[in-house]
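# Dropping a prediction and its sequence here:
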Amino acid sequence: MTPVPGDGIHLSAPELIALKPRCNALSFPMNRPAASALAGAYRSRFRGRGVDFVESRNYLPGDDIRNMDWRVTARTGKPHTKIFQEERERPVLVVVDANPSLYFGTRKRLKSVAAGQLAAAIAWAAVRRGDRIGAFLFAPENHRELRPTGGRRGAMRVIQGLVDWLNPDKMHEGQAPLSASLERVRHAVRPGSLILIISDFFNLDEECHRHLSRLRQHNDVIGCQIMDPAEAFLPAGRFPISDGEHSAMLDTHQQQSRRQFERMSAEHGMQPKRMFQRHKCGWMVLETTDDPVEVLGRELRLLVGRG
């Protein structure tokens, strides 16, 4: 099949680049705004020599004498040193879980396209605020890591990676648990990062608890679930279905069957949400019929308000 840009099936670089102007006003959760835009919009959780004074404490052997707080030392009669908090760029990482179930869609676009558009919007918002953007792209038995890079170059690198990786004509077969992806991220990510995990979470497993807990200890984490309306509700009818290997006919004329499907769907939506909230992570849902930039903006405003 020849890819058609903007057809809802294939991602294209032009459509992802076109999102840039709409992402300028997006704001990620943060502790406090930094004093200098050149230093990035976040303060590090690590203390050291920098531009922002935090507090004075008693001098300890080995402290840099250039940081002595002579005013407090004179007032108390005991040597004190100044502690600073470093300002720096914050790495923002999009983790895209491209299992085969992501290549599904009944309205407007495939889930894979919605995921790519959301990831691109995150990239543009990150570089707009002076942060570095990187990506971890996962598929069964395969992965690709894009190290965080600043500026337009960083965003374009992520966009090209998304276009290549989320091509349905190159879909990877099989299934891989999400925990395997999270484990790799946990061992590679730098502390103090903002991590956005984009998935439909059909491959969630209990090991995810452990990796999310570890990731959340030193980073901010947001889960982004991609859904299609047909995954929540099916009309009455007969529908051919397939898992890629086996085919069957799904008959939803019986109301009991539809209700059972809806119960399963509701549980699928709640299970990852409960897991992320348990570990104090952010959470958002994007449907294939939604505008990714509008949803991202709305959910980030809510997260910033809670922070």
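Structure received.
# all helices for the stretch 201-307 of the chain, in order.
207-218, 255-278, 292-306 (DSSP state H, counting those that start in this stretch).
# tell me what the last one is packed against?
When you say that, I think you mean helix 292-306. Helix 292-306 sits against helix 111-128, strand 282-287, with contacts defined as 3 or more CB pairs under 8 Å, 6 or more residues apart in numbering; DSSP states H and E. Bear in mind the C-beta positions are built from the backbone N, C-alpha and C, glycine included.
# returning to that earlier point: any chance of a markdown table for the helices of the stretch 201-307 of the chain, columns mean neighbour count and mean pLDDT?
Formatted as a markdown table, the helices of the stretch 201-307 of the chain follow (neighbours: other CB atoms under 10 Å; pLDDT from 0 to 100):
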| stretch | mean neighbour count | mean pLDDT |
| --- | --- | --- |
| helix 207-218 | 17 | 94 |
| helix 255-278 | 13 | 82 |
| helix 292-306 | 16 | 83 |
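# Select, out of those, the one closest to residue 15.
Proximity to residue 15 (CB to CB) singles out helix 292-306 among the helices of the stretch 201-307 of the chain, at 11.0 Å.
# how big is the angle separating the closest one from helix 111-128?
60 degrees (axes from the mean of the first three to the mean of the last three CA atoms, to 10 degrees).
# From the chain's centroid, how far away is helix 292-306?
13 Å (CA atoms, centre = their mean, to the nearest Å).
# Next: stretch 198-216.
Using CA atoms, centre = their mean, the offset of stretch 198-216 from its chain centre is 12 Å.
# Could you do stretch 258-272 as well?
Relative to its chain's centre, stretch 258-272 lies at 23 Å (CA atoms, centre = their mean).
# Of the helices of the stretch 201-307 of the chain, give the one that comes closest to residue 226.
Comparing the helices of the stretch 201-307 of the chain by CB to CB, helix 292-306 comes nearest, at 9.6 Å.
# May I have that closest one as CSV, with CA atoms only?
Taking C-alpha atoms only, helix 292-306 is exported to CSV below (Å, rounded to 0.1, in the frame of the first residue of the first chain):
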residue,chain,number,x,y,z
PRO,A,292,-4.7,15.6,20.4
VAL,A,293,-3.6,19.2,21.0
GLU,A,294,-6.8,20.1,22.6
VAL,A,295,-6.8,17.1,24.9
LEU,A,296,-3.2,17.5,25.8
GLY,A,297,-3.7,21.2,26.6
ARG,A,298,-6.8,20.5,28.8
GLU,A,299,-5.2,17.6,30.7
LEU,A,300,-1.9,19.5,31.3
ARG,A,301,-3.9,22.4,32.7
LEU,A,302,-5.6,20.1,35.1
LEU,A,303,-2.2,18.5,36.1
VAL,A,304,-0.6,21.9,36.6
GLY,A,305,-3.6,23.0,38.7
ARG,A,306,-3.1,20.0,41.0
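# Any chance of the backbone angles for residue 192?
phi 90, psi 10 (degrees, to the nearest 10).
# before we move on, the earlier item: dump the helices of the stretch 201-307 of the chain to CSV, plus distance to residue 201.
Formatted as CSV, the helices of the stretch 201-307 of the chain follow (distance: least, CB to CB, whole Å):
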stretch, distance to residue 201
helix 207-218, 9
helix 255-278, 4
helix 292-306, 16
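# mind listing what the closest residue to residue 241 other than its chain neighbours touches?
Nearest residue to residue 241, sequence neighbours excluded (CB to CB, 6 or more residues apart in numbering): residue 250, at 4.9 Å. Residue 250 is in contact with 234, 238, 239, 240, 241, counting by CB atoms under 8 Å, 6 or more residues apart in numbering.
# Name the member of those residues with the most neighbours.
Counting neighbours by other CB atoms under 10 Å, residue 234 leads the contacts of residue 250 with 17 neighbours.
# give the contact list for the closest residue to that one other than its chain neighbours.
Using CB to CB, 6+ apart and skipping residues adjacent in sequence, the residue nearest residue 234 is residue 252, 4.9 Å away. By CB under 8 Å, 6+ apart, the contact list for residue 252 reads 234, 235, 236, 237, 238, 239, 258, 261.
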